[in-house]
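Asks: 3D model of this:
(chains A and B)
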Amino acid sequence: MNFSLPSWPANWSRQARSSATMAVAGSVLVLILWLMAIPLSWAPEPIGPSASDFAEGTRVTVELTLVAGIAGVLIGFMAAMGKLSKVAALRWLASTYIWVMRGTPLLVQVLFVYFALPSLVPSLQLSDFASACVALALNVGAYNAEAIRSGLLAVHKGQMEAAKSLGLSNWHTFIDVTFPQAMKVALPSLVNNIVSLLKDSSLAYTIGVVELTNVGNRVQAATFQPMPTLITTAVIYLVLTTVMTQISDAVERRYDVEGRQP
Amino acid sequence: MTQPLIRVEKVNKTFGAHHVLRDVSTHFNAGEVTVILGSSGSGKSTLLRMLNRLETHDSGVILLNNQEVGDDPSSLSALRRDVGMVFQQFNLFPHLTVLENVTLAPRRVHGTARTQADAKAMELLKRVGMEAHAHKHPFALSGGQQQRVAIARALAMEPKVMLFDEPTSALDPEMVKEVLDVMKQLARSGMTMVIVTHEMGFAREVSDRVLFLHQGEIVQDRPPAEFFEQQDNPRIRAFLGQVAH
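Replies: Next up is the predicted model:
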């Protein structure tokens, strides 16, 4: 669902309107994370007394999403470059990584990083939060790789030829010509992946990370009131994903030079 | 007029079993406008694209300013700075404005300051009649307008030679003239040009020389008056009859 929250003045440029939306949505997200315990504490039992737990759990969920999301985009970018590389070994490495991460359940991956990895490599004894970040980043990275790869492949060969014929180096051809066009194509899929990641971060619950779902379930178990606690949990996720899609829609609109979006 | 800027010696090229160019030797002089004609598949675009290494050659030598055209990165980028190219499909960068399209290469390759690059670009856009559209994106322009911007973009690098790969073939008929007019003006300014085209009227009026390729070989190399008026080769006469001029 798309709430076009504020209607910016019609005489603002598309970029100005997008930037304004990004700034507002970003501030809203920060305000929510900072102050959400206050309105929650006004809620009746069993939510009110656990307001600060819900707020803390939400912050952990957003942290998981941000850390794993940023790492996941970088990993996805590297895997996409690997899969398109001229070096066969890199192609094989990237394909194997994507194959394994997309072909196994995220829950198994989370459990594997937390429980199995330390027995393989004792120095990799990570905290529950770090383990969840690693598993989530590796997982979303595999999906991002496919999104970025299809973006790179969507750039017409003539674009690279034009850039080369102007004497641009391989680096500038990539950074100024190929990459911006590829990202524009990849962006909607990347956003999709990050929104999924926000929800998938609830699997961190299984290794004891006290994130939003974990908080909701603890309160539910302690008060025997599943209805209000799980609804509160779900509504908080919904608010977070809504704010996120507002930001990503604004990013998409900002780069929509052809004005194809209404 | 007589100093060869580009020399092509015994160049061969195959795509799989298809022998696209066979022992092609020719030269292109500074200040000369050469039109390459031939039916589709004759190798004319391949020959053109080899001149700035968008296509590799299997054997033979191509020299530009006595520098061999090859894969060495530093000499290749030097080569491409001296050779401008205009494509059939324009290939403007869709995410950049007209002005940014024209200034990108000077800024990145020569490190020209933005204000200076902008001023130069506006001058070039004026020359091709596109200065009023400098802040638009390519999608907002007609094909003819895009191609004129593409010419300005190539000129921004101050090339010694301009290559045109069927520059009007993707255009609606009413837009062909505006592009040809810009090319004529460029030819009159003394620019060295190598043009693959099917515009016979343009070839006859503007070129100093016509090359005719057939099945990867240069069949004829003549001044346009002779080529068009006193054509004695039956195959070329048939070709000229097919492309109504």
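
Asks: A:Thr206: how many residues sit nearby?
Replies: A:Thr206 has 15 neighbouring residues, counting by other C-beta atoms under 10 Å in any protein chain shown. Glycine gets a C-beta too; all of them are placed from N, C-alpha and C.

Asks: which strand or helix spans the residue nearest to B:Met50 when sequence neighbours are not counted?
Replies: Of all residues not flanking B:Met50 in the chain, B:His57 sits nearest, at 5.3 Å (C-beta to C-beta, 6 or more residues apart in numbering or on different chains). B:His57 belongs to no helix or strand when assigned by DSSP states H and E.

Asks: for B:His19, give me its contacts.
Replies: B:Asn12, B:Lys13, B:Gly216 (C-beta atoms under 8 Å, 6 or more residues apart in numbering or on different chains).

Asks: just to revisit the earlier point, close enough to count as contact, the residue nearest to B:Met50 and B:Leu21?
Replies: Yes - counting by C-beta atoms under 8 Å, B:His57 touches B:Leu21, with 7.4 Å between them.

Asks: quick check: the most centrally placed residue in chain A vs A:Gly69, distance?
Replies: With distances taken as C-alpha atoms, centre = their mean, A:Ile194 lies nearest the centre of chain A, 2.5 Å away. A:Ile194 sits at a distance of 5 Å from A:Gly69 (criterion: C-beta to C-beta, to the nearest Å).

Asks: what's the overlap in contacts for these two?
Replies: In contact with both A:Ile194 and A:Gly69: A:Val140, using C-beta under 8 Å, 6+ apart.

Asks: can you give me the helices for the chain?
Replies: Going with chain A. Secondary structure of chain A (DSSP state H): helices at A:14-35, A:37-41, A:51-83, A:88-103, A:106-111, A:117-120, A:128-154, A:157-165, A:170-172, A:179-200, A:212-223, A:226-254.

Asks: was after chain B, sorry
Replies: B:44-50, B:73-82, B:98-109, B:114-127, B:143-155, B:173-188, B:200-206, B:224-229, B:234-242.

Asks: next one: the second one to chain centre, how far?
Replies: Distance of helix B:73-82 from the chain centroid (C-alpha atoms, centre = their mean, to the nearest Å) equals 17 Å.

Asks: list the contacts of A:Thr223.
Replies: A:Glu45, A:Pro46, A:Thr229.

Asks: adding pLDDT, write these out as a markdown table.
Replies: Putting those into a markdown table (pLDDT from 0 to 100) gives the following:
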| residue | pLDDT |
| --- | --- |
| A:Glu45 | 85 |
| A:Pro46 | 88 |
| A:Thr229 | 94 |
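
Asks: who wins for most neighbours among the contacts of B:His19?
Replies: B:Gly216 leads those on contacts (other C-beta under 10 Å) with 23 neighbours.

Asks: now B:Ala113, nearest residue through space, not along the chain?
Replies: In space, B:Ala113 is closest to B:Arg107, 7.9 Å off (C-beta to C-beta, 6+ apart).

Asks: so which of the contacts of A:Thr223 is the most crowded?
Replies: A:Thr229 (23 neighbours).

Asks: now do the contacts for the residue lying closest to that one once chain neighbours are set aside.
Replies: Once flanking residues are discounted, A:Thr229 sits nearest to A:Gln220: 4.2 Å by C-beta to C-beta, 6+ apart. Taking C-beta under 8 Å, 6+ apart, we find A:Gln220 in contact with A:Pro226, A:Thr229, A:Leu230.
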